[in-house]
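Enquirer: turn this into a model:
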Amino acid sequence: MRDCLNITKALSDESRVRIVMFLRDGELCACQIIEMLELAPSTISRHMAVLLQAGLVECRKCGKWHYYRLPGTGAPAPVQNALVWLESALAQSPVISADGKRLKALLKRDLKTLCARHK
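Expert: Model (predicted):
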């Protein structure tokens, strides 16, 4: 029951849903997520903690930077099912489409320069 509640709680916020959708194409640094949502680092940190607790994202630390990705194929079935449902439910979303275009542009920028802004 707790796993289901953690997943639904995590997906009950638009910013967290958008973060999950950002990660569909691969790992992102927290700085990139901050830049995409234009939110304070502390706010992003709280969102990521909720997503981590639900098992919807995984994290690795490299130096002082945190990198997030969607869980692999070994994720529990409820997590995998939630991610599949989310992808399907938002396939035609204008917000997600616009985010995808912004993310492509962001990924062309130098990561070190971007992260230097969010020390």
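Enquirer: look up how far residue 1 lies from the residue most central in space within the chain.
Expert: With distances taken as C-alpha atoms, centre = their mean, the chain has residue 19 as the residue nearest its mean C-alpha position (3.0 Å). Applying C-beta to C-beta, to the nearest Å, the value for residue 19 to residue 1 is 25 Å. Every residue, glycine included, has its C-beta placed from N, CA and C.
Enquirer: show me which positions of the helix or strand the residue nearest to the centre of the chain falls within end up buried.
Expert: Element membership for residue 19, per DSSP states H and E: helix 14-22. In terms of neighbour count (16 or more other C-beta atoms under 10 Å), helix 14-22 has its buried residues at 15-22.
Enquirer: what is the nearest of these to residue 64?
Expert: For the buried residues of helix 14-22, the minimum distance to residue 64 (C-beta to C-beta) is 20.0 Å, reached by residue 19.
Enquirer: doesn't residue 49 make contact with the closest one?
Expert: No - applying C-beta atoms under 8 Å, one finds residue 19 not in contact with residue 49, separated by 11.7 Å.
Enquirer: show me the strands in the chain, by range?
Expert: 28-29, 58-62, 65-69 (DSSP state E).
Enquirer: before I go, just wanted to say thanks for your time.
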